[in-house]
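S.K.: Coordinates for the following, if possible.
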Amino acid sequence: MSGPEPGAESLASDLPWSAQPIYSNLGEVRAHLLPSKACRPRTPRSLSSDPQPPPPPLPKKTLARTQSLPTRRAPGPSSARAGQPPRLPLHRSPSEDVSRATGLTLDGPSAALGLSTHPLNSPEAVQDALAARQLDALRDIHARLQARLMGGRPGPCLPGHSFRLLDSLPCVESGEALYYRVVRVDGVAWHVLAAKVPKPGATVPHPWGVELQASLPPHFNLQGLCGLVPEGALPLAPWRGPAVLASEVPERTVAQWLAEVGAQRPAESAWEVALLFLQLSAALERLEAQGATLLELRPENLLLVAPRGCGAPGPPRLLLADFGCVCQRSQGSLGAHALQMGRLLRTLLGPATPSATPVAVGLERLVAQLPRRRPSAAQTRGALQTLLWGPGLELRGRGAPLGPWLRVRRALLVVHLAERAAGGEVPGLEDWLCCEYLAEATEASLGRALELLWD
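M.R.: Below is the predicted model of the structure:
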């Protein structure tokens, strides 16, 4: 506040309330501090002759200033200590206080976590909210990884595209075709594709299977096609006749991989065998959903490709490419691939004595169960997922609930991926497959997978 104006001090000595503190230049605040003109005393005699009680001293009128502040209720006489906020009413219930405090807290960072819509007044509600948030996080991570692993797919061939052959020798020879690396150029954009040329003397492919392959939407474990090599586009090509352009360039076949791992089977390669067989089950699951059956399942017709966007070495991507042996299946043959899958899994594991690792023991168990139980490809995929990422046999037959295990496993995976991301590590194919498993698994599906393996 500013000091009194010149001459105000001599004037104040003649006023009846000169003993009281002088307030000057108060503006609008002075109107709240002083009584209204109708109640203001005019002479000193009125202070003693007025039968009404005298007004309170001016300094105590400072409480009237709170009338201009937004308050819910005036403080009681016991809480009017100067400089302290009013106390909360004592009649409010504890649950009301918790609800009010929780609501205030959720206006901050918790709202960004998606918890502001959940009633968090009990441990059960907190657990359910966190479990739902962890499931949403896994689904989001799975979608992001899938976009990266399947990104950069070339579109269909157009008349303006030009082509160039990179190698005169095939990069891969499968049981049914030879694959050559070809560059397709569209202005400044280019893609490395694979020209799929039928081998001389190969069986004529089934037309229904070829049409099915061309019409299927993109799938991670099914070979995708993007058109034909135009006639005359590659005059120096070492083949004659039409050639199909595949979106992914294969690196080797499963038969070549088996020859390379050789002496390492099955102890060192059991985990990789399970990952390859898991991807094969996903491909066959898509065929069974389309009402199709692969008549001949051979290692030389299964292609291996390096996954997109994976810097560090890791498990390869498996592609089912032999659609010439695909035909419509009869009704009621949902497990039509079970016998072939059992024989192929035995080939991948080899005839040696299995190791004592849980995955190797589980794969041997699955080899015995496939011809006996005749599961669908989807059921086989579920059994392989439990072998790779749990739960194990210790939770089978004890009556232990699988729901808590699933919630804890999801939380641990989210923490694990976060720790690796903080260290700059890029997730890979195995992380994506694990996210897919835990994002879609239920307590019932876990029980069915354990039953298929161990009953």
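S.K.: State the distance from Trp239 to Val192.
M.R.: Here the criterion is Cβ to Cβ, to the nearest Å. By it, Trp239 lies 18 Å from Val192. C-beta coordinates here come from the backbone N, C-alpha and C atoms, glycine included.
S.K.: Which of the two has more residues huddled nearby?
M.R.: Neighbour tally, Trp239 and Val192, criterion other Cβ atoms under 10 Å: the higher count belongs to Trp239, 16 against 12.
S.K.: pretty sure the more buried one is touching Val197, no?
M.R.: Yes - applying Cβ atoms under 8 Å as the test, Trp239 and Val197 come out as touching, 4.5 Å apart.
S.K.: what do these two both touch?
M.R.: Residues touching both Trp239 and Val197 (Cβ atoms under 8 Å, 6 or more residues apart in numbering): Leu178, Tyr180.
S.K.: what ranges do the strands span in the stretch 251-400 of the chain?
M.R.: Defined through DSSP state E, counting those that start in this stretch, the strands belonging to the stretch 251-400 of the chain, from first to last, are 252-253, 292-294, 302-305, 317-320, 326-328.
S.K.: Can you name the residues in contact with the shortest one?
M.R.: In other words, strand 252-253. Val172, Glu173, Ser174, Gly175, Glu260, Pro299, Glu300, Asn301, Leu302, Leu303, Leu304.
S.K.: List the residues that contact the fifth one.
M.R.: The one in question is Glu260. Contact analysis of Glu260 by Cβ under 8 Å, 6+ apart lists Arg252.
S.K.: Spatially nearest residue to Gln369 (excluding sequence neighbours)?
M.R.: Distances taken as Cβ to Cβ, 6 or more residues apart in numbering put Leu452 closest to Gln369, at 6.2 Å, once the chain neighbours are dropped.
S.K.: Could you tell me how many residues sit around the one you found?
M.R.: Residue neighbour count, defined by other Cβ under 10 Å, stands at 19 for Leu452.
S.K.: Ok, Leu438 next?
M.R.: Counted with other Cβ under 10 Å, the burial measure for Leu438 works out to 22 neighbours.
S.K.: on that earlier part again, with distance to Ala368 and mean neighbour count added, can I get the strands of the stretch 251-400 of the chain in TSV?
M.R.: Output for the strands of the stretch 251-400 of the chain, formatted as TSV (distance: least, Cβ to Cβ, whole Å; neighbours: other Cβ atoms under 10 Å):
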stretch	distance to Ala368	mean neighbour count
strand 252-253	27	20
strand 292-294	22	21
strand 302-305	22	22
strand 317-320	23	24
strand 326-328	27	17
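S.K.: Quick check: which of these is nearest to Val185?
M.R.: Evaluated over these, closeness to Val185 peaks at strand 302-305, with 21.9 Å, by Cβ to Cβ.
S.K.: Name the residues that touch the closest one?
M.R.: The contact list for strand 302-305, computed with Cβ under 8 Å, 6+ apart, reads 172, 174, 223, 248-257, 276, 280, 316-322.
S.K.: one more time with 7 Å
M.R.: Strand 302-305 is touched from outside by 172, 174, 223, 248, 250-254, 257, 280, 316-321, with contacts defined as Cβ atoms under 7 Å, 6 or more residues apart in numbering.
S.K.: Quick check: neighbours of that strand in the sheet, parallel or antiparallel?
M.R.: Using DSSP bridges, the strands paired with strand 302-305 are strand 252-253 (antiparallel), strand 317-320 (antiparallel).
S.K.: Report the rounded mean pLDDT for that strand.
M.R.: In this model, strand 302-305 has a mean pLDDT of 97.
S.K.: Model confidence score at the nearest residue in space to Arg420 that is not next to it in sequence, please.
M.R.: Spatial nearest neighbour of Arg420, excluding adjacent residues (Cβ to Cβ, 6+ apart): Pro427 at 7.1 Å. The pLDDT attached to Pro427 in the predicted structure is 90.
S.K.: isn't Pro427 right next to Glu419, touching?
M.R.: No - using Cβ atoms under 7 Å as the test, Pro427 is too far from Glu419 to be in contact (11.6 Å).
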